[in-house]
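Q: coords below, sequence missing:
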């Protein structure tokens, strides 16, 4: 059973990589008339780096007339109350948090702000407004991460896999899940938790390994591959957006947690080999793996497939073809083609 959305959706971190693709999916599927993007307009990568490209205008290209863009922090109760009062979104997608684990100078305060403080502020603002005029969203969607599993104890890892996170990013993502479940139960708000993995695709600007490898290949540089056994469930961003929307609009997604990934792992070497079809002269060297990162692999998406009808549309080759074409089109002309 699909739950029909009405009027508008709110996406915190809406100018972000995944958030903007969710907005596009909601509008292309005609599930909402309007999407409200809340974003602090900040960044997580040094913009002075020569390889930094700001894709935010491209993220919303073609859907501007259906968007309302609000600047602010998702951790501000006053702002959240004001936005919820004004727009009364039927669904809230909460993505306002640090976007990846390997950020320079990442602190517990910064990681807590996005995953714990802002999550609690959203729930409390909803509850306060409910007491005033009865507003309550149809669904609250919290964005977690497959990093919450830590070292995979079995493959593919399903949603029942033990959660033993490593590092600040994963720890705070899991803490946000606890806040979501606890406050959703307290305030009787339907929720869904999504755990994506190794998301890649057009308009990514946060220097994930998938982006770094393509940009170096474009310049003819040698790729540095950290380890021969590092495997990730690379998931194309359009598939992630598809999964988010299915989980948020399907009755079977209420109060559930889902892996939303491709469901198949590739080593970094396999990723590089797939790039060779686009860059025949590609060169790389293998370095020791980063032992501080968890050992990961494929995730089990049977639950999302059976309950939501989620089937990824992109394998790695198809996703890379579209992603490489995007980067070749939008990089400055001095980049080696």
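A: Right, received. Where do you want to start? These figures come from a predicted structure and were not determined experimentally.
Q: residues touching residue 292, list them.
A: Shown in contact with residue 292 (Cβ atoms under 8 Å, 6 or more residues apart in numbering): 166-167. Glycine gets a C-beta too; all of them are placed from N, C-alpha and C.
Q: so it sits in a strand?
A: No: assessed by DSSP: H, G, I helix; E, B strand; the rest coil, residue 292 does not belong to a strand; its assignment is coil.
Q: Look up how far residue 25 lies from it.
A: Note on residue 292: its distance to residue 25, by Cβ to Cβ, to the nearest Å, is 34 Å.
Q: so where's the stretch 151-300 of the chain shaky on pLDDT?
A: Nowhere does the stretch 151-300 of the chain drop to pLDDT under 70.
Q: Please repeat the previous calculation with a cut-off of 90.
A: Scanning the stretch 151-300 of the chain for pLDDT under 90 picks out 167-168, 204-212, 215-216, 218-220, 224-230, 287-295.
Q: And the helices in it, which stretches?
A: Using DSSP state H, counting those that start in this stretch, the helices of the stretch 151-300 of the chain run over 167-187, 209-218, 237-249, 268-275.
Q: Point out the most buried one among these.
A: helix 237-249 (a mean of 24; mean count of other Cβ atoms under 10 Å).
Q: Which residues does it contact?
A: Residues outside helix 237-249 that contact it (Cβ under 8 Å, 6+ apart) are 2-5, 17-18, 21-22, 24-26, 29, 31, 91, 93, 139, 141, 192, 194, 196, 199-204, 253, 256, 258, 260-262, 304, 308-310, 312-314.
Q: all strands of the stretch 1-150 of the chain, in order?
A: Under the criterion DSSP state E, counting those that start in this stretch, the stretch 1-150 of the chain contains strands at 8-12, 34-39, 67-71, 91-94, 139-143.
Q: Switch those over to TSV; also include distance to residue 230.
A: What follows is these, written out as TSV (distance: least, Cβ to Cβ, whole Å):
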stretch	distance to residue 230
strand 8-12	31
strand 34-39	32
strand 67-71	37
strand 91-94	29
strand 139-143	23
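Q: So for residue 55, which of those strands sits nearest?
A: Of all these, it is strand 34-39 that lies closest to residue 55, at 13.8 Å by Cβ to Cβ.
Q: Parallel or antiparallel, list what pairs with that closest one.
A: Take DSSP bridges as the rule and strand 34-39 pairs in its sheet with strand 8-12 (parallel), strand 67-71 (parallel).
Q: Highest mean neighbour count across these, which stretch is it?
A: strand 8-12 comes out most buried of those by mean count of other Cβ under 10 Å, with a mean of 27.
Q: Now that strand: average pLDDT?
A: If you average the pLDDT over strand 8-12, you get 95.
Q: Now tell me what touches it from outside.
A: 19, 22-23, 26, 31-39, 68, 74, 83-84, 87-96, 118, 122.
Q: Would you format the helices of the stretch 151-300 of the chain as a markdown table with distance to residue 231 included?
A: As requested, the helices of the stretch 151-300 of the chain are exported to a markdown table (distance: least, Cβ to Cβ, whole Å):
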| stretch | distance to residue 231 |
| --- | --- |
| helix 167-187 | 17 |
| helix 209-218 | 12 |
| helix 237-249 | 18 |
| helix 268-275 | 8 |
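Q: Many thanks, I have nothing further to ask.
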